[in-house]
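>>> Task: produce atomic coordinates for the following.
(4 chains)
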Protein chains: 2
Amino acid sequence: MVKITDVARHAGVSPSTVSYALSGKRPISAETRQRIEASIHTLGYRPHAGARALASSRSNVLALVVPFRTGMHVPVVMQFAVSVVTAARRHDHDVLLLTQEEGEEGLRRVADTALVDALIVMDVQLHDARLPLLRALDRPSVLIGFPAEPQGLTCIDLDFEAAGGACVRHLAELGHRCVALVGSPPEVYLRETGFAQRVTRGFTAAADERGLTSTVHPCEATQAAARDMARRLLREHPGLTGLVVHNEPLVQPLIDAFRELGLRVPGDLSVVAICPDAQAEQAPLPVSNVAVPSAEIGAEAVELLMQKLEQLPVPESTLLPPRLTRRQTTAPRSASG
Amino acid sequence: MVKITDVARHAGVSPSTVSYALSGKRPISAETRQRIEASIHTLGYRPHAGARALASSRSNVLALVVPFRTGMHVPVVMQFAVSVVTAARRHDHDVLLLTQEEGEEGLRRVADTALVDALIVMDVQLHDARLPLLRALDRPSVLIGFPAEPQGLTCIDLDFEAAGGACVRHLAELGHRCVALVGSPPEVYLRETGFAQRVTRGFTAAADERGLTSTVHPCEATQAAARDMARRLLREHPGLTGLVVHNEPLVQPLIDAFRELGLRVPGDLSVVAICPDAQAEQAPLPVSNVAVPSAEIGAEAVELLMQKLEQLPVPESTLLPPRLTRRQTTAPRSASG
DNA sequence: AGCAGTCATCGAATCGATTCGACGCACCCG
DNA sequence: CGGGTGCGTCGAATCGATTCGATGACTGCT
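The predicted structure is shown next:
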């Protein structure tokens, strides 16, 4: 394996000069730099990651903790992970994958062994057991999602409260007066993952503000549950003409279920989902939606981390504004509706 | 940060003794070992990953290259990644996440910088551009999927050919005489990802062997495509009573489409899928399936890598035998069928 | 001409482990 | 009672970079 002293010898300079040429931390004349670059190229030199980490106390690796429990939509997680890796590479960093299962011990381990420089934690609970640890750690971190008390942390997420509100306002502007929210499975609420509650709050607040009748319904992510839910909503809320769905795998099954019950979408029932754009676009009838911008969140989380690694100040909380795209599942309330 | 010399001083031994106590590479008396362990615990010592990597030329990190293109079913990839991480942790290794996008350069980078000890590459093509590199690399690797010429590599996957055959035999044993395979989207075949072709081969061979009428149909993974496909199959193959689906997101849409066309499943049409058990179980009507055992493959891939890291011989190819579970979508051919 | 001030480069220390060879001690056997 | 055999431990070299202080050459100013 060719090392920095080999390059130095080949280029007729000292190892430190090679290092500085590479890092740019001290000025190097254009001439020597070129000679060094040529040597690096012909010798095929690659700095040894471990040696570099040891000497610089920077591993250039980020940890990414992914959830794998029920209730999180898998494609969203994956999309997110990919965008984190891509963004990290732009900053010359790599990404170490940790599972939620490893818990606090896993976080502590990769941080204390200096395996990673910083951490990104997904699926943060309102009262997450890892919060004290993350606060105490000497390494910067960014949380995806908001705990009950984000003080002293750096958090980022879609503004789910605003998203809930945006859906309701969209429906309200189309003339709908009675709306319902079909949300995540009950266990997600029990687990106190913030985003479920936040959607609910935004939904309800906007409905109240506009004087709409509104109800909220957690729902399992199965076709059977979707059918039951559709039937129940029709029975209990005969005036219902606007539906907000915040449960990715349920969007299509719910629409199908209502159709089977004889409703036209969007003719009799308008549906807005909170889901990734890709999903909304690819549906048989493209679904009006507020985007869940996993890729943006991931990329922005990495940017925040990079700022923190450079000791720059970053906002404690970053809420991405919701972006609603009207497609084909929402329409003005019909006279009959 | 507490280091090994601190531990050594605290325990009244030399640093090398601490190292040996930790690694077990030389015998250490029970007494000193306990003293050292106590010191480690009270001081909260964690060996520095970079220093360790430098000295031992082992980073204890594996690279995992994940695809993110269309055609790969996302939950399968995710499940796989999680199982790799879990298995790696059992061997005291961590996992670095790379995207396909990084390509050969990415592989070369993490290998040459000694950032990782070994690599796992998913979604291998029949004529994958990365094969020469993987063969030349000084670091061991395991491929998920089979290239055209696996010589000199280590490959593992579900035995898709046997899986295709198993589906056909299951249908044949239930009395079906005319079967069809609905496969991956056309681009997957064009891309020459081995598994699509292998399913086809096994499917066709088994059908020929049993004297069944059989046809093969690549299909896009959209509801609309599913409906079209169902209509077309009914029209072109009126005697069709057995269907094999090798396209995860299409399983349920296809079943729904046939139902809408008036067929009963499994009364008029038996359906076997090649898909994860979790998906098969959770369907409204549980689907008879050959399991795509992502978790097993991931875990086994890690085991193979660990063997290779210890210079132990491993088989060039590992084909996991298919496991077919009969659930509720397959039934004997009815008299009328 | 002399001095201050850059600019580019070098040399040596350092990061925190692992590993190899050597050494001392106890024990066993002849 | 002496010489081998192990076992347990130590000391020093090593891994391959980064970084700090120092040095030399050159510039510009007076």
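>>> Can you list the low-confidence ranges for the stretch 1-150 of chain A?
A:70-71 (pLDDT under 70).
>>> For it, which segments count as strands?
A:61-66, A:94-99, A:118-121, A:141-144 (DSSP state E, counting those that start in this stretch).
>>> And the ones you listed: which comes nearest chain B?
Closest to chain B of the strands of the stretch 1-150 of chain A, according to C-beta to the nearest C-beta: strand A:94-99, at 4.5 Å. Backbone N, C-alpha and C define where each C-beta goes, glycine included.
>>> How about the closest one and chain B, touching?
Yes. Counting by C-beta under 8 Å from any C-beta of the partner chain, contacts between strand A:94-99 and chain B involve A:Asp94, A:Val95, A:Leu96, A:Leu97, A:Leu98, A:Thr99.
>>> and the first one, what does it touch?
Under the criterion of C-beta atoms under 8 Å, 6 or more residues apart in numbering or on different chains, the neighbours of A:Asp94 are A:Asn60, A:Val61, A:Leu62, A:Val85, A:Ala88, B:Leu96, B:Leu97, B:Leu98, B:Val110, B:Leu115.
>>> Try it again at 7 Å.
By C-beta atoms under 7 Å, 6 or more residues apart in numbering or on different chains, the contact list for A:Asp94 reads A:Asn60, A:Val61, A:Ala88, B:Leu96, B:Leu115.
>>> A:Arg135 contacts A:Gln151, doesn't it?
No. A:Arg135 is not in contact with A:Gln151 according to C-beta atoms under 7 Å; the separation is 8.9 Å.
>>> The two: which has the busier surroundings?
A:Arg135 (11 against 8; other C-beta atoms under 10 Å in any protein chain shown).
>>> List the contacts of A:Pro67.
Contact analysis of A:Pro67 by C-beta under 7 Å, 6+ apart lists A:Val77, A:Gln100, A:Met122, A:Asp123.
>>> residues near the third one, how many?
Under the neighbour criterion other C-beta under 10 Å, A:Met122 is assigned a count of 23.
>>> For it, give me its contacts.
A:Val65, A:Val66, A:Pro67, A:Val77, A:Phe80, A:Ile144.
>>> ok, 10 Å please
Contacts for A:Met122 (C-beta atoms under 10 Å, 6 or more residues apart in numbering or on different chains) come out as A:64-67, A:72, A:76-77, A:80-81, A:84, A:100, A:142-145, A:294, A:297-298, A:301.
>>> Between the contacts of A:Pro67, which sits nearest A:Ala21?
Minimum distance to A:Ala21 across the contacts of A:Pro67 is 38.3 Å, recorded for A:Met122 (C-beta to C-beta).
>>> follow-up on the earlier one: could you dump the strands of the stretch 1-150 of chain A into CSV with distance to B:Val18 added?
Converted to CSV, those look like this (distance: least, C-beta to C-beta, whole Å):
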stretch, distance to B:Val18
strand A:61-66, 26
strand A:94-99, 26
strand A:118-121, 28
strand A:141-144, 30
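>>> for DNA strand D, what are the nearby residues on chain A?
A:1, A:3-5, A:15-16, A:18-20, A:22-23, A:25, A:45-48, A:51-52, A:54-56, A:58 (C-beta under 7 Å from any atom of the strand).
>>> In helices, which of those residues appear?
A:4-5, A:15-16, A:18-20, A:22-23, A:51-52, A:54-56 (DSSP state H).
>>> Now, of those residues, which are buried?
Neighbour counting by 16 or more other C-beta atoms under 10 Å in any protein chain shown classes A:Ile4, A:Val18, A:Ser19, A:Tyr20, A:Leu22, A:Ala51, A:Arg52, A:Leu54 among those as buried.
>>> Tell me how far A:Ala226 lies from DNA strand C.
54 Å (C-beta to the nearest atom of the strand, to the nearest Å).
>>> thinking again about what came up before, can I get the contacts of A:Asp94 in TSV with neighbour count?
Formatted as TSV, these follow (neighbours: other C-beta atoms under 10 Å in any protein chain shown):
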residue	neighbour count
A:Asn60	18
A:Val61	24
A:Ala88	25
B:Leu96	20
B:Leu115	23
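>>> Relative to DNA strand C, which of those residues is nearest.
Proximity of the contacts of A:Asp94 to DNA strand C (C-beta to the nearest atom of the strand) peaks at A:Asn60, which lies at 15.0 Å.
>>> That closest one is in contact with A:Arg52, isn't it?
Yes. Counting by C-beta atoms under 10 Å, A:Arg52 is a contact partner of A:Asn60 at 7.7 Å.
>>> Mutual contacts of those two, please.
Common neighbours of A:Asn60 and A:Arg52 (C-beta under 10 Å, 6+ apart) are B:Thr113, B:Leu115.
>>> hang on, the earlier thing: list only buried entries from the contacts of A:Met122.
A:64-67, A:72, A:76-77, A:80-81, A:84, A:100, A:142-145, A:294, A:297-298, A:301.
>>> follow-up on the earlier one: in CSV, list the contacts of A:Pro67 along with distance to B:Glu192.
Below are those laid out as CSV (distance: C-beta to C-beta, whole Å):
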residue, distance to B:Glu192
A:Val77, 29
A:Gln100, 36
A:Met122, 35
A:Asp123, 37
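>>> and A:Leu240, how far is that from A:Phe258?
Counting by C-beta to C-beta, to the nearest Å, the gap from A:Leu240 to A:Phe258 is 10 Å.
>>> A:Glu161 now?
Counting by C-beta to C-beta - A:Glu161 and A:Phe258 are separated by 26 Å.
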